[in-house]
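> Here is my input, please return the structure:
(one chain, ligands or ions: 2)
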Amino acid sequence: MNDKLRQLIDSIAQPDGVAASAASAHLDQLTKPPGSLGKLESLAIQLAGITGVDKPEFDRKTVMVMAADHGVCEEGVSAFPAEVTQQMLYNMLSGGAAINVLARHAGADVQVIDVGVNADVAHPDLVNRKVRMGTSNIAKGPAMLRTEAEQAVLAGAEAVAEAVAEAVKRGTRLFVTGELGIGNTTASAAVVCALTGLEPEVIVGRGTGVDSAGLTRKIAVVCRALDVNQPDANDALDVLTKVGGLEIAALAGVILGAAAHRCPVVLDGFISGAAALAARALAPASAAYMLASHASDERGHAAVLRQLKLEPMLQLDMRLGEGTGGALSLHLIDAACRIMREMATFADAGVSDGQGAAQR
Ligand SMILES: Cc1cc2ncn([C@H]3O[C@H](COP(=O)(O)O)[C@@H](O)[C@H]3O)c2cc1C
Ligand SMILES: O=C(O)c1cccnc1
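Ligands and ions are numbered 1, 2, ... in the order given. So this is what the prediction gives:
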């Protein structure tokens, strides 16, 4: 493995148990029955453990949108043509995509990074980390070279490192995984099946909305990709190389980079879930830094979350990607942080505490 990638993986530490315990103790002193804020409380405790700060505050939140194209589009696996990736990229850079609206609404920035779009896209706000012009068709052979998969993972991790360095003066960062890439639900399904051994029939979904014939074709394409490439389930880089995508690899890098910097990383939907499985396989310690924002409507997402042992915060029947579910969940994360900082304790407010009240 590439030395830089090895160093990145080795630099991921366990969360801070002391800060998590302090957060838990503080929650029990607030003017409410113990545990009564439910998952908001476990969220606050996890965020304290991740950051090492009892009462964290995320004044910089960034949606990292990784964009790339997929050679497998020539198999007719998407309801939309491949050129929509670049068209949507311009839309996103102009602030008109769903993620721009939801990120603005949540007070987050959107960083758009080209790791493999099949065109020379130039825009002052686009970060160019292009590894190659899209992947090759996974139904016929490997998506990319192993060195390219490593380069894409590192591009994601380095984008996080740069954002963290820039934020030093301005407070703690939190990252949301986002993506853009027509055809990427097919590559993500192949990655999930290769890493988990689950069958394509239970993982492949309709993506942008293919009809029943399209779904049957998509399942056959994923079966062929696994058959032709024989990815090694015990080698996540091999899986990304053979059946993955450049943005999926880069998102695995975003997750590893966030974990290495003790930043929470909020997972969006199915594509982010595939990247998270790859990140966890590369660095098991990264799992503690992941939060699942929502349950996507894409067929395989529930199975991915079960594999990751994560419970989604929201269930809104969304199936868009871009980081949209992740952005919406930021409202809950901010709420959990404010509870920690702003609620009065029993002592502060002169409220009698429960005699032996326990968490139910
Ligand atoms: C207009 C438009 C905007 C999108 N924004 C995200 N996606 C999402 O859909 C694509 C994956 O679905 P599939 O595998 O079926 O192609 C990715 O671009 C993903 O980000 C979009 C798709 C479209 C059409
Ligand atoms: O769950 C997702 O992230 C998703 C689903 C369909 C299409 N694009 C993204």
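> Would you pull up the residue in the chain closest to ligand 1?
Residue nearest to ligand 1 within the chain (CB to the nearest ligand atom): Gly207, separated by 2.4 Å. C-beta here means a position set from N, CA and C on the backbone, and glycine is covered the same way.
> my guess is that residue is in a strand, correct?
No. Counting by DSSP: H, G, I helix; E, B strand; the rest coil, Gly207 falls outside a strand, being coil.
> neighbours around it, how many?
26 (other CB atoms under 10 Å).
> surely it meets Thr185?
Yes. Gly207 is within contact range of Thr185, at 3.6 Å (criterion: CB atoms under 8 Å).
> anything in contact with each of those two?
Val77, Ser78, Glu298 (CB atoms under 8 Å, 6 or more residues apart in numbering).
> I'd like those as a markdown table, with distance to Gly321 and neighbour count appended.
Compiled in a markdown table, the shared contacts of Gly207 and Thr185 are given as follows (distance: CB to CB, whole Å; neighbours: other CB atoms under 10 Å):
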| residue | distance to Gly321 | neighbour count |
| --- | --- | --- |
| Val77 | 15 | 28 |
| Ser78 | 12 | 25 |
| Glu298 | 9 | 24 |
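> Ligand 1 next: which of these are close?
The subset of the shared contacts of Gly207 and Thr185 within reach of ligand 1, by CB under 6 Å from any ligand atom, is Ser78.
> What strand or helix carries the closest residue to Ala20 other than its chain neighbours?
Excluding the flanking residues, the one nearest Ala20 by CB to CB, 6 or more residues apart in numbering is Gly49, at 3.5 Å. Gly49 is part of helix 38-51, with elements assigned from DSSP states H and E.
> Give me the contact list for stretch 155-171.
Residues from elsewhere that reach stretch 155-171, judged by CB under 8 Å, 6+ apart: 8, 57-60, 62, 64, 66, 111, 113, 115, 127, 129, 131, 173, 175, 249-258, 260-261, 263.
> Any of these buried? List them.
Neighbour counting by 16 or more other CB atoms under 10 Å classes 8, 58, 60, 62, 64, 66, 111, 113, 115, 127, 129, 131, 173, 175, 249-258, 260-261, 263 among those as buried.
> thinking again about what came up before, mind checking which of the contacts of stretch 155-171 are in strands?
Arg60, Thr62, Met64, Met66, Gln111, Ile113, Val115, Val127, Arg173, Phe175 (DSSP state E).
> quick one: buried residues of stretch 47-60?
By neighbour count with 16+ other CB under 10 Å, stretch 47-60 contains the buried residues Leu47, Ala48, Gly49, Ile50, Thr51, Val53, Asp54, Lys55, Pro56, Phe58, Arg60.
> same deal with stretch 149-164?
For stretch 149-164, a neighbour-count test (16+ other CB under 10 Å) marks 149-161, 163-164 as buried.
> can you check stretch 178-192 too?
Of the residues in stretch 178-192, 178-192 count as buried by neighbour count, 16+ other CB under 10 Å.
> Go back to those residues and keep what's next to ligand 2.
Answer for the buried residues of stretch 178-192 near ligand 2 (CB under 6 Å from any ligand atom): Thr185.
> Need the max-distance pair from the buried residues of stretch 178-192.
Pairwise distances across the buried residues of stretch 178-192 (CB to CB) peak at 20.4 Å, for the pair Gly178 and Ala190.
> Flag every residue of this structure that's near ligand 2.
Proximity of the chain to ligand 2, by CB under 6 Å from any ligand atom, involves residues 185, 207-208, 268-271, 296, 298, 301, 319-321.
> change it to 5 Å
Residues of the chain lying close to ligand 2 (CB under 5 Å from any ligand atom) are Gly207, Gly269, Phe270, Ile271, Ser296, Glu298, Arg319, Gly321.
> Return the backbone torsion pair for the residue of the chain closest to ligand 1.
Per-residue torsions, Gly207: phi 50, psi -120 (degrees, to the nearest 10).
> residues touching it, list them.
So Gly207 contacts Val77, Ser78, Ala79, Thr185, Thr186, Lys218, Glu298, Arg319 (CB under 8 Å, 6+ apart).
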